[in-house]
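Trainee: A structural model of the following input is requested.
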Amino acid sequence: MPQPSRFGLLRDPDFGRLFAATALGQLGDRIIFLALPLVAIVALKAEAFQVGLLTATTTAGSLLVGLPAGAWVDRVRKRTVMIGTDLVRALVLSTIPLAWWAGRLTVWWLYAVALVHGVLTVFFDVAYVSYLPHLVGRGSLVEGNARLSAIRSVTSISGPVVAGPLVGAVGAPATLLASSAGMALSGLLAATIRRREGRRPTPTERPRLRLEVTEGLKFVARHPVLRATVLGDAVFSLSLVMYQTMLLVFLERELRLGALGVGLILSGMGCGALLGALVAAKVARRIGQGPAIWLAPLVTCPLTGLMPLTRPGGDMVLYAAAVGLAALSLGGVVRVVAQSSLQQALTPDRLLGRMSATARFVSWGGLPLGGVLGGASGTAFGAPTTLWIGTVGMTLSFLPAFLSPLRTMTAPTLQDGGGRDEGPADDRQLSDAR
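Mentor: Numbers count the residues shown, from 1 in each chain. Below you'll find the predicted structure:
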């Protein structure tokens, strides 16, 4: 038997196309992460609560369409959903610089674009997570997730580095054109993937939407491992959004770093994420997927408490705080790679979309609340206090996994509910993926 190449899945042309499409789409997404709030903060002089409401609007899609998105995605080709949502998101984002140049841009316009973009992102992410097992096979899920996390981490570094100077040179609204271009190219590249999924469901095989949604909810709620992962995610995500909502306000207004300085801090987070992607598979093999899921936040999240200790001119403390944010990203990627691979491995093919949507709904459904709470807390108590609240919440997110079978689980087994749907179509997909 030939020795596996160090390039692994990257030798597969279709995975390589998905890898490249991910790079372009994530680059656009990371530019949005910096530029969209700065449009509100710098260009429109928005208040802290308005910035929090913008964050809430961006993430409201998970609450609005999170559950039906999974049932709908399970009915159609995942690749088609990815292509369509990429292209439409690119079009929607391009309206912000156009409105700015026409003198018509308002914070309400930002809310509308953020909401539409967020809803489309829900469909994209559900399809993306559900598509990977079809593309690479279940035996390669950890490697596939790790490699895709690595490229997302690279864009986390390069995105702010690109966005910071662009915001300084052409302004935050115009910078969103780069995001639009990245997503459009991502969709076009995904269209070149040749491998197809199994047979498409026929109309007679499609039960009512409500029954499909209920089946996905019950599957996750009754599975002790899946239930623990989504509950931990819910606590972590709500706390992270509170933290992130005030992080940009803190860096821009209290530390007065400017767009370039903020971009460098966020790039440092990307460095931590890249390191996490490089070591995630090794950590999961060494200590097990379960322990990796709960140890990562317990070890890394407390370090985010260094940021609210920073004061203007305190360079050494700021450097340490930046390292703390990088550690947060490192731990987050290690957790997500182990967790996503385990969730995918434990779910039958026909339920992948609904499992992903249910997990996203539970764990991300509180994100709008996190944005509102972050903005309200920032207005009432100030940005530093809100950062402390976020730090405590993110650290406590380890508890659901620690109090579940994940505490000692090394890898999913058939007894844990793992496995795949039987049938020749699935056998052919796994054979092709190899």
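Trainee: gap between residue 324 and residue 184?
Mentor: Remark: distance between residue 324 and residue 184 (CB to CB, to the nearest Å) = 35 Å. Bear in mind the C-beta positions are built from the backbone N, C-alpha and C, glycine included.
Trainee: again, but for residue 70
Mentor: From residue 70 to residue 184 the distance is 26 Å (CB to CB).
Trainee: So the two - more neighbours on which side?
Mentor: residue 70 (30 against 21; other CB atoms under 10 Å).
Trainee: got a pLDDT number for that one?
Mentor: If you check residue 70, the pLDDT there is 77.
Trainee: With residue 411 instead?
Mentor: Here the pLDDT value assigned to residue 411 is 66.
Trainee: hang on, residue 216 packs against residue 67?
Mentor: Yes - using CB atoms under 8 Å, residue 216 is in contact with residue 67, at 7.3 Å.
Trainee: Tell me the secondary structure at residue 286.
Mentor: With DSSP: H, G, I helix; E, B strand; the rest coil as the basis, residue 286 sits in helix.
Trainee: quick one: it and residue 292, what's the gap?
Mentor: Taken as CB to CB, the span from residue 286 to residue 292 is 9 Å.
Trainee: quick one, which of the two is more surrounded?
Mentor: residue 292 (26 against 11).
Trainee: which outside residues touch the helix or strand hosting the more buried one?
Mentor: For residue 292, the element it lies in under DSSP states H and E is helix 289-300. Residues from elsewhere that reach helix 289-300, judged by CB atoms under 8 Å, 6 or more residues apart in numbering: 142, 225, 229, 232, 236, 280, 283-284, 287, 327-328, 330-332, 334-335, 338-339, 341-342, 394-395, 397-399, 401-402, 405-412.
Trainee: Of these, which belong to helices?
Mentor: 142, 225, 229, 232, 236, 280, 283-284, 287, 327-328, 330-332, 334-335, 338-339, 341-342, 394-395, 399, 401-402 (DSSP state H).
Trainee: Lowest-scoring secondary structure element of the chain by mean pLDDT?
Mentor: Lowest by mean pLDDT, DSSP states H and E among the helices and strands of the chain is helix 424-433, with a mean of 31.
Trainee: contacting residues around the residue nearest to residue 194 when sequence neighbours are not counted?
Mentor: Nearest residue to residue 194 in three dimensions, chain neighbours excluded: residue 14, at 5.9 Å (CB to CB, 6 or more residues apart in numbering). With contacts defined as CB under 8 Å, 6+ apart, residue 14 is in contact with 135, 193, 194, 195.
Trainee: what's the spacing between the most centrally placed residue in the chain and residue 134?
Mentor: Nearest to the mean C-alpha position of the chain, by CA atoms, centre = their mean, lies residue 125 at 8.0 Å. Between residue 125 and residue 134 the computed distance is 16 Å (CB to CB).
Trainee: In this structure residue 281 contacts residue 140, no?
Mentor: No - at 10.8 Å, residue 281 does not count as touching residue 140 under the criterion of CB under 8 Å.
Trainee: List the buried residues in stretch 388-402.
Mentor: 388-391, 393-402 (16 or more other CB atoms under 10 Å).
Trainee: Using CSV, please lay out these together with pLDDT and distance to residue 350.
Mentor: Supplementary listing: these in CSV, determined by pLDDT from 0 to 100; distance: CB to CB, whole Å:
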residue, pLDDT, distance to residue 350
388, 94, 44
389, 94, 41
390, 93, 38
391, 94, 40
393, 95, 35
394, 95, 34
395, 95, 37
396, 95, 35
397, 94, 30
398, 94, 32
399, 95, 32
400, 93, 26
401, 92, 26
402, 94, 31
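Trainee: now, which of these sits nearest residue 174?
Mentor: Lowest distance from residue 174 to those (CB to CB) belongs to residue 390, with 30.9 Å.
Trainee: give me every residue that touches the closest one.
Mentor: Residue 390 neighbours (CB under 8 Å, 6+ apart): 239, 240, 242, 243, 244, 246, 304, 374.
Trainee: Just the ones of those in helices?
Mentor: 239, 240, 242, 243, 244, 246, 374.
Trainee: Quick check: phi and psi on residue 193?
Mentor: Main-chain dihedrals, residue 193, degrees, to the nearest 10: phi -70, psi 130.
Trainee: Repeat that for residue 311.
Mentor: Given degrees, to the nearest 10, the pair of backbone angles that residue 311 has is phi -130, psi 160.
Trainee: Residue 214 is in contact with residue 68, correct?
Mentor: No - counting by CB under 8 Å, residue 68 stays clear of residue 214, with 11.3 Å between them.
Trainee: neighbour count winner among these two?
Mentor: Of the pair residue 68 and residue 214, residue 68 is the one with more neighbours under other CB under 10 Å, namely 18 against 15.
Trainee: roughly how far apart are that one and residue 123?
Mentor: Distance from residue 68 to residue 123, by CB to CB: 10 Å.
Trainee: mean confidence for the helix or strand containing residue 218?
Mentor: Assigning secondary structure by DSSP H and E places residue 218 in helix 209-222. Mean pLDDT, helix 209-222: 82.
Trainee: again, but for stretch 239-258
Mentor: 84.
Trainee: what do you get for stretch 136-155?
Mentor: The pLDDT scores in stretch 136-155 average 73.
Trainee: Tell me which residues of it come out buried.
Mentor: Quick answer for stretch 136-155 (16+ other CB under 10 Å): 136-138, 140-155.
Trainee: now do stretch 91-105
Mentor: So for stretch 91-105, counting by 16+ other CB under 10 Å, buried means 92, 93, 94, 95, 96, 97, 99, 100, 105.
Trainee: Nearest to residue 347, out of these: which one, please.
Mentor: residue 92 (30.8 Å).
Trainee: any idea what that closest one is structurally, helix, strand or coil?
Mentor: Here residue 92 is helix, with the state taken from three-state DSSP.
Trainee: and it, what is it in contact with?
Mentor: So residue 92 contacts 113, 116, 117, 120 (CB under 8 Å, 6+ apart).
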